[in-house]
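> Predicted model follows, preceded by the sequence.
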Amino acid sequence: MKLKGTEVLVCAYLNPDTDETIEDKIITGCPLTDTGNAERLITYHGDNIRYCAERKSWYLWNGVRWVPDVKGVIFEMAKETAIKIHDEIKYLDINDKAARKELSKFAYRSESQKSLREMIQNAQTDARLAIEANKFDAKLELINCPNGTLDLEKEEFREHRREDLLTKLTAVPFDPWAPCALYFTTLIRALPLDEAVYAQLLLGSFLEATAQNKEWLFIYGKPFAMKSSVTQPVYAALGDYAKPFPISLFIKGKQRIDPNAARPELIALEGVRIAWSEEAPPNFIIDEPTLKNMTSSGIQSIRQVYERQREVHLVCSFVVESNGTFTFDIDDEWSREAALERTRVMKFVNQLRAEGRDREVLKTLTHDKHELTAALAWVVQGYFESKKHGITTPGTVKAANSEFEAVINPLSSFVRNELNFGDGYVSVTQILERFHEVASREKIKQFPNERSLNLQLRKILPYYAKKEGVTVEPKKLEGGASWLGVTLKDLDDELIENKEQEDDEKANEERLTLMTQNPIFVESIYDLDCYMRILCKNGILRHKPSYPKGAERLTALKTESDALEAYEIPDAKKDDLEHDLDEFVDVIENIGEEARNE
């Protein structure tokens, strides 16, 4: 049956206890009461309706997911049920005029507004229809798409099922072979290949819903560094599985949040996999207890406005984007390091030149179905790759993390990178001289004198020494204030390490330039498979990518009006592009090695 405004599927209801069908129910009859009418409603529509008292809402199965009844479709079902009571007359004895007359009168009475409301209200508490809110979307291993359901645990893509009780939906179909014009080339323009893979694996790993301890991702870089061009299509493609959150949730405020206050911003994140916030103010201060709470157990006692307090399990990972950095308002080194261990940092450095900035590109990336389908395939593939092979952090990302730590806590970074713990000693004067060298090179704030430096060293050196299993001690020696058990690292080793890092960066930069400026390369990356093949060719991936079972060539949505329009590339042209691409990749694949040899 198709009701105005909403499609509702009807199938023959089968009582699981008695194997009683609709026809059996009609023949045996239902009582001529409001309760009997509720039974009739369940008989005709029981497979496709549920009632959630907590949300005071009926839910309808539309063939893809369970949706709230916002248009009063349940009343249309009740009307249809009341009208069908007239059909029961044919099962009565033709000579029993009194019974036939009584049933006819009851059928007409059942069509009144009062009787329809009573029918619906009686059905609300029936055990076959009543459902608790936490039963919806409880199967966290499932991602629901318009053209099927992804089972992350079983690595398969299958049909929709009522019993999954899913209400969420991605914005676009899942299709690993869907072609697009912009998304993959944008990835390569925004990030070096190894960093693009890191972003794919990390964002993909966030699809695993978990209430255990988890990391959060902080993305920063100058304006027009294409941060949003990489992430926003992913968020848009994930639909109900990615939601924005106010950055004020993380920012330290003057007043503590009342634990009993209404928290609609947290309720909006229920069942979400990625919670994101962009355009965070530069140099904002993170509230460390809130960060710890949000990235630990995930259990929050919250309520909507005018609702009672209830427990919600937040299973999302948080992503924050900003043009600047942030700081922790933490005094002790133990808490600071624990907070940093939960933090993953990515820095976008490839800033677009003024002549290359086109805001329409971002609009296309976040609204065009082809681009969004590609972005969804990309992040889902990232999940499967991260589960099978783990996440390897590129050297450039490690360097960006070290740089970031140096910015938010210069002295801690200095201690880890410039000091050794063990036999020997070093004067505070020597430490200050080395710190000034690093501070000048890294452009970070310097200590004005030895006294101010030594005050801070007393706070953090014992902590790092304990981690190394040694004991350090401040001592007044002939050379002035000193530290026993601490020495400076050899500068030659540091220079060699920096040189290797510079070589890697040079190789990545040269690769990026060749790729983004070559029309053959840009035109050839037309789907996920081409993109993954580039990664294998360059040695970024050392295994052949695999796709979920059942993810054959898909036609997307079931309904014609919402179907993904074909973005087809002729097979002959594909062959030419792939041949040119192979030749081009052969040219660039050894650039990194050549740079090191020089």
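That came through fine. Only a predicted model underlies this, so the values are computations on that prediction, with no experimental measurement involved.
> in what helix or strand does K476 lie?
strand 473-477 (DSSP states H and E).
> Would you mark the buried spots in the following helix or strand past that strand?
Proceeding N to C from strand 473-477, the next assigned helix or strand is strand 480-488, under DSSP H and E. Buried residues in strand 480-488, defined by neighbour count with 16 or more other Cβ atoms under 10 Å: 481-483, 485-486. From N, CA and C alone the C-beta is placed, and that goes for glycine too.
> Listing partners with orientation, what would you give for the strand holding K476?
Take DSSP bridges as the rule and strand 473-477 pairs in its sheet with strand 480-488 (antiparallel).
> tell me the contacts of the residue most central in space within the chain?
Centroid-nearest residue in the chain: I274, 2.8 Å away (criterion: Cα atoms, centre = their mean). I274 makes contact with 203, 206-207, 234-235, 238, 241-243, 316-317, 319, according to Cβ atoms under 8 Å, 6 or more residues apart in numbering.
> Redo the residues you listed as a markdown table? Include pLDDT.
Converted to a markdown table, the contacts of I274 look like this (pLDDT from 0 to 100):
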| residue | pLDDT |
| --- | --- |
| L203 | 95 |
| F206 | 93 |
| L207 | 94 |
| V234 | 97 |
| Y235 | 97 |
| L238 | 97 |
| Y241 | 96 |
| A242 | 96 |
| K243 | 94 |
| C316 | 88 |
| S317 | 90 |
| V319 | 93 |
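> among those, which are in strands?
Using DSSP state E, the subset of those located in strands is 242-243, 317, 319.
> Report the two of the residues you listed separated the most.
Taking every pair in the ones in strands among the contacts of I274 and measuring Cβ to Cβ, the maximum separation is 12.0 Å, between K243 and S317.
> where do the contact lists of the two overlap?
274-275.
> between the two, who's got more neighbours?
Between K243 and S317, counted using other Cβ atoms under 10 Å, the more crowded position is S317 (25 against 19).
> That one touches F218, doesn't it?
No: the pair S317 / F218 is not scored as a contact, 11.9 Å apart, by Cβ atoms under 8 Å.
> circling back to that earlier point, leaving out sequence neighbours, find the closest residue to the residue nearest to the centre of the chain.
Distances taken as Cβ to Cβ, 6 or more residues apart in numbering place A242 nearest to I274, at 4.3 Å, with adjacent residues excluded.
> Now do the contacts for that neighbour.
234-236, 272-276.
> Going along the chain, name the helices of the stretch 1-150 of the chain.
22-28, 34-45, 73-83, 97-109, 113-124 (DSSP state H, counting those that start in this stretch).
> Name the residues of the third one that come out as buried.
Using 16+ other Cβ under 10 Å as the burial criterion, the residues of helix 73-83 that qualify are 73-78, 81-82.
> Looking at these, which is nearest K537?
Closest to K537, out of all of the buried residues of helix 73-83 and judged by Cβ to Cβ, is V73, at 52.8 Å.
> Return the distance of the closest one relative to K227.
42 Å (Cβ to Cβ, to the nearest Å).
> Okay, domains of this structure per the record?
By the assignment in automatic domain parsing, the chain contains the domains 2-135, 409-489.
> measure the shortest one end to end?
Its first and final residues considered, domain 409-489 spans 20 Å by Cα to Cα, to the nearest Å.
> could you give the mean pLDDT of that domain?
On average, the pLDDT along domain 409-489 is 85.
> Work out the gap between that domain and the centre of the chain.
41 Å (Cα atoms, centre = their mean, to the nearest Å).
> again, but for stretch 179-187
That offset, for stretch 179-187, works out to 20 Å (Cα atoms, centre = their mean).
> May I have that stretch exported as CSV, CA atoms only?
Output in CSV follows, covering the C-alpha atoms of stretch 179-187 (Å, rounded to 0.1, in the frame of the first residue of the first chain):
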residue,chain,number,x,y,z
PRO,A,179,33.2,7.2,-10.4
CYS,A,180,33.7,10.9,-9.5
ALA,A,181,35.5,13.9,-10.9
LEU,A,182,37.0,15.7,-7.9
TYR,A,183,37.3,14.0,-4.6
PHE,A,184,40.3,11.8,-5.1
THR,A,185,42.3,14.4,-7.0
THR,A,186,41.4,16.9,-4.1
LEU,A,187,42.9,14.4,-1.6
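> Ramachandran angles for K459?
Here is the backbone geometry of K459 (degrees, to the nearest 10): phi -80, psi -30.
> any low-confidence regions in the protein?
Along the chain, segments meeting pLDDT under 70 span 1-29, 211-213, 253-264, 297-311, 330-333, 355-356, 406-407, 491-524, 538, 551-598.
> what about 50?
1-16, 259-260, 262, 306, 553-569, 573, 588, 591-598 (pLDDT under 50).
> Adding distance to A127, write the buried residues of helix 73-83 out as JSON lines.
Output for these, formatted as JSON lines (distance: Cβ to Cβ, whole Å):
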{"residue": "V73", "distance to A127": "22"}
{"residue": "I74", "distance to A127": "18"}
{"residue": "F75", "distance to A127": "22"}
{"residue": "E76", "distance to A127": "24"}
{"residue": "M77", "distance to A127": "19"}
{"residue": "A78", "distance to A127": "19"}
{"residue": "T81", "distance to A127": "19"}
{"residue": "A82", "distance to A127": "23"}
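> Give me the buried stretch members for stretch 153-165, please.
By neighbour count on 16+ other Cβ under 10 Å, the buried set for stretch 153-165 is 155, 157-158, 160, 164-165.
> Closest to A99 out of the residues you listed?
Looking across the buried residues of stretch 153-165 and measuring by Cβ to Cβ, the closest to A99 is L165, at 41.2 Å.
> Now the closest one. Nearest residue, chain neighbours left out?
L165's closest residue in space is F136 (Cβ to Cβ, 6+ apart), at 5.2 Å.
> can you check V349 too?
For V349, ignoring the flanking residues on the chain, the nearest one in space by Cβ to Cβ, 6+ apart is G221 at 6.2 Å.
> Identify the residues contacting the nearest residue to L116 once chain neighbours are set aside.
Closest residue in space to L116, ignoring its immediate chain neighbours: A78 at 4.5 Å, by Cβ to Cβ, 6+ apart. For A78, the contact set (Cβ under 8 Å, 6+ apart) comprises 37, 41, 116, 119-120.
> where do the strands sit along the stretch 151-300 of the chain?
Counting by DSSP state E, counting those that start in this stretch, the stretch 151-300 of the chain has strands at residues 156-158, 216-221, 242-244, 274-280, 284-286, 299-302.
> Of these, which is nearest D529?
Of all the strands of the stretch 151-300 of the chain, strand 156-158 sits nearest to D529, with 15.9 Å by Cβ to Cβ.
> What lies in contact with that closest one?
Strand 156-158 is contacted from outside by 148-151, 174, 548-551, using Cβ under 8 Å, 6+ apart.
> Kindly recompute the last result at 6 Å.
148-150, 548-551 (Cβ atoms under 6 Å, 6 or more residues apart in numbering).
> Could you single out the nearest of those residues to L528?
For the contacts of strand 156-158, the nearest to L528 is A551 (10.8 Å; Cβ to Cβ).
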